[in-house]
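Chemist: Output the structure for:
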Amino acid sequence: MPATPVASSRAEANLAAALLLLRQLQRFGMRRLVLCPGSRSAPLALAAGLLEAEGLDLITALDERSAAFLALGCGRADGVPAAVVTTSGSAVANLLPAVVEADHGAVPLLLLTADRPQRLKGRGANQTVNQEAFLAPCCRWFGSAAATGMHAMPAHALQQLAQQAWQKALAAPQGPVHLNLPVEEPLHPPAHAIQQALAAPAPELPPLVSAPADALLADALNGLDPQAPGAVIAGAWRGTAAQLPAFADALQRWQQRSGWPVFADALSGLRGWPGLELVHGYDLLLADGHGLSSAPQLLRLGSMPASRRLQQWIASCPGRQLLITEQDPRPQDAGIGVSQQFSCGLAQWLAALPPEHASNETVAVNRSWAAPFVQRDRLLQQQLNNSLAAGCSEPALARQLSRLLPAGVPLMLASSSPVRDWESFAAADGLQRLVFGFRGASGIDGTLSLAAGLAISSGRLVLLCGDLALLHDANGWLWHQQLARRGVRLTVVLIDNAGGGIFEQLPIRADQAFDFDRLFAMPQAVDLSALAGGYGIPARPVAALNHLASALQWAEGQPMALLHLRTDRQADAGLRQVLRRTMAGLRCDSDAEHPFS
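Modeler: Residues are numbered from 1 along each chain as shown. Take a look at the predicted model:
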């Protein structure tokens, strides 16, 4: 193998190096590359264009921030790192919001940023910034090509750089990796050289060297006693759709063995799973100090659920708390002490347990302990059906949509009110689906682009979103051509309540000493249907919830479509308060003789 990529000029050497780097990443499994405009990144752009013929899914993007969120959505859905290519300078800074979310959410992501060579740094040259440091606090690993330019790197060094980046992105915990790639001028090879590069045979690439697997735990139960009462807390699912069935199967086997109830977060992917006995309405049942007292012991799965009431209930547990994560060794207890955390995954943890020895009588006793949880949840669901049967409120929308969406159609919930309403008010008899949310940093930037990335990986998606979150990423509508080209469908259900509805739930709304809307809600005078129309997106108003089914059916025929519902944020805030007060006081027949009422 030659010491450097074969080329007759520096511009051709740049292209050869870019081709070698991207081919190696593609060989490891990279499927998608999101390309942003730029001149310094020209060799990477040309290489990506040439590699489309070799199966690379190339997605072009105008806005670097949106591009990074699209790639983040792709990686969240299928677990495969997508790459983002940018030019140098402030373009790199625009990647940071998505990188923050990828770090928190353990989503694999590759950032390939072109740069000036070191000889131009710190000398006042145009578009030279300290971009090496922009993303560093949130990245799993930082790698750089040669300071003189990646054209000067030996082939094996470029291949090793690609291998390190790929492995670091997928190592536990998965996350973002930044490759900074200095490129020396000239940047643009002649047309004949581009054609020659395409025709040239690809060099042989060394095999991928796998990292050694971690040794498994010794005492897997670590003090948990499946023969005594307890509960399971399932947080947001961070794996792929293909990995979820094995996780759910392991959870079912644990429930059969222990008889423990499962408190399933709205983002767990477990709601509606056949055979699992779940508690859905915990956030309402535990409100205002009412409800059920502490569980003697807890098996916690994944990250901490978002419900503060559930967090308080978890903190009140007097016994052992064992936390199992899916290949994420970072602390996930949110400051609530756990006796032990294992990152081997639930299925592997269960396989390491001693043979089952709990008798049918033991399981029956534990189920009897859990019965009030399940009974109160059923009563709660009946009461919610009655309370949310009429009107076009945000809680009623969550309940209606959870029943209308066909089984298996994935859903993304925007941060703030949509994800909270789904947690509390989605129907327990809704069908199972993957539900995505990005609550690691709980930002609203990039919402529409995240949904587009999820849709590209999943084939179809529905996004439930507020007006400010949608406006914050209006450039996300530009993805409609990419979705149409791939036969992908994304339906956006917009809650337009003229501002940040989540702030209506703050305990300061009644204070008239300040302008609440100006300081908190921040309504914007934008017609969001007209704005979408300016991007070529069809929109349809939904005046009442009984029109929602037909509107969803209409949207199925569009690559991207907007369903526009207007709600009253002040009235909805009042409705939530009423529901929390009334539902928290529910009692079932067994409460009188049960120690947990």
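Chemist: Poorly predicted segments of the stretch 451-597 of the chain, please.
Modeler: Low-confidence segments of the stretch 451-597 of the chain (pLDDT under 70): 509-512, 585-597.
Chemist: could you pull out the strands for it?
Modeler: In the stretch 451-597 of the chain, the strands defined using DSSP state E, counting those that start in this stretch lie at 460-466, 489-496, 539-541, 560-566.
Chemist: which residues touch the most centrally placed residue in the chain?
Modeler: Centroid-nearest residue in the chain: F438, 4.5 Å away (criterion: C-alpha atoms, centre = their mean). Applying C-beta atoms under 8 Å, 6 or more residues apart in numbering, we find F438 in contact with R76, E101, G105, S415, L450. Placement of C-beta: from N, CA and C, glycine included.
Chemist: Tabulate the residues you listed (JSON lines), appending secondary structure and distance to A266.
Modeler: Converted to JSON lines, these look like this (DSSP: H, G, I helix; E, B strand; the rest coil; distance: C-beta to C-beta, whole Å):
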{"residue": "R76", "secondary structure": "helix", "distance to A266": "16"}
{"residue": "E101", "secondary structure": "helix", "distance to A266": "18"}
{"residue": "G105", "secondary structure": "helix", "distance to A266": "15"}
{"residue": "S415", "secondary structure": "coil", "distance to A266": "12"}
{"residue": "L450", "secondary structure": "helix", "distance to A266": "17"}
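Chemist: From the residues you listed, pick the one nearest L519.
Modeler: Distance to L519 across the contacts of F438 (C-beta to C-beta) is lowest for S415, with 19.8 Å.
Chemist: re earlier: check which helix or strand covers the residue nearest to the centre of the chain.
Modeler: For F438, there is no helix or strand it lies in under DSSP states H and E.
Chemist: Can you pull the poorly scored residue ranges out of this protein?
Modeler: 1-8, 201-218, 288-291, 356-360, 440, 442, 509-512, 585-597.
Chemist: Show me the domain layout of it.
Modeler: 10-199, 231-376, 394-507+514-567 (automatic domain parsing).
Chemist: quick revisit: just put the contacts of F438 in TSV and tack on distance to I59 and neighbour count.
Modeler: Output for the contacts of F438, formatted as TSV (distance: C-beta to C-beta, whole Å; neighbours: other C-beta atoms under 10 Å):
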residue	distance to I59	neighbour count
R76	16	28
E101	19	26
G105	21	24
S415	24	22
L450	14	31
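Chemist: want to try CSV for the residues you listed, with distance to N546 as columns?
Modeler: Formatted as CSV, those follow (distance: C-beta to C-beta, whole Å):
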residue, distance to N546
R76, 33
E101, 36
G105, 36
S415, 28
L450, 30
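Chemist: Longest helix in this structure, by number of residues?
Modeler: helix 360-387 (DSSP state H).
Chemist: okay if I get the strands of the stretch 451-597 of the chain as CSV plus mean neighbour count?
Modeler: As requested, the strands of the stretch 451-597 of the chain are exported to CSV (neighbours: other C-beta atoms under 10 Å):
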stretch, mean neighbour count
strand 460-466, 25
strand 489-496, 25
strand 539-541, 16
strand 560-566, 22
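Chemist: okay, those strands in TSV with distance to Q255 next?
Modeler: Converted to TSV, these look like this (distance: least, C-beta to C-beta, whole Å):
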stretch	distance to Q255
strand 460-466	29
strand 489-496	33
strand 539-541	42
strand 560-566	37
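Chemist: all strands in the stretch 151-300 of the chain, in order from the N-terminus.
Modeler: 176-182, 231-234, 262-264, 278-279, 298-301.
Chemist: Take those and write them to CSV, including distance to S368 and mean neighbour count.
Modeler: Listed next are the strands of the stretch 151-300 of the chain as CSV, based on distance: least, C-beta to C-beta, whole Å; neighbours: other C-beta atoms under 10 Å:
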stretch, distance to S368, mean neighbour count
strand 176-182, 47, 26
strand 231-234, 14, 25
strand 262-264, 17, 26
strand 278-279, 15, 22
strand 298-301, 19, 26
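Chemist: Of those, which is nearest V578?
Modeler: Among those, the nearest to V578 by C-beta to C-beta is strand 278-279 (22.0 Å).
Chemist: Relative to M153, how far out is E184?
Modeler: 12 Å (C-beta to C-beta, to the nearest Å).
Chemist: go on, R489?
Modeler: Distance from R489 to M153, by C-beta to C-beta: 42 Å.
Chemist: ok, now F134?
Modeler: 23 Å.
Chemist: Over to S424?
Modeler: Taking C-beta to C-beta as the measure, S424 falls 54 Å from M153.
Chemist: Can you tell me the number of residues neighbouring Q311?
Modeler: 17 (other C-beta atoms under 10 Å).
Chemist: Backbone dihedrals for it, please?
Modeler: phi -60, psi -40 (degrees, to the nearest 10).
Chemist: Isn't it up against G335?
Modeler: No - using C-beta atoms under 8 Å, Q311 is not in contact with G335, being 9.2 Å away.
Chemist: just to revisit the earlier point, for the strands of the stretch 151-300 of the chain, give me JSON lines that also has distance to P37.
Modeler: Converted to JSON lines, those look like this (distance: least, C-beta to C-beta, whole Å):
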{"stretch": "strand 176-182", "distance to P37": "16"}
{"stretch": "strand 231-234", "distance to P37": "43"}
{"stretch": "strand 262-264", "distance to P37": "43"}
{"stretch": "strand 278-279", "distance to P37": "47"}
{"stretch": "strand 298-301", "distance to P37": "43"}
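Chemist: closest one to E361 among these?
Modeler: strand 231-234 (19.7 Å).
Chemist: Neighbouring strands - and their directions - for that closest one?
Modeler: Neighbouring strands of strand 231-234 in its sheet, by DSSP bridges, are strand 262-264 (parallel), strand 298-301 (parallel).
Chemist: Let me have those in TSV, extended by distance to L170.
Modeler: Shown next, in TSV, are the strands paired with strand 231-234 (distance: least, C-beta to C-beta, whole Å):
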stretch	distance to L170
strand 262-264	27
strand 298-301	21
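Chemist: Kindly provide the distance from the spatially closest residue to I336 that is not a sequence neighbour to I495.
Modeler: Leaving aside its sequence neighbours, I336 sits nearest to A315 (C-beta to C-beta, 6 or more residues apart in numbering; 4.8 Å). The gap separating A315 from I495 is 32 Å, by C-beta to C-beta.
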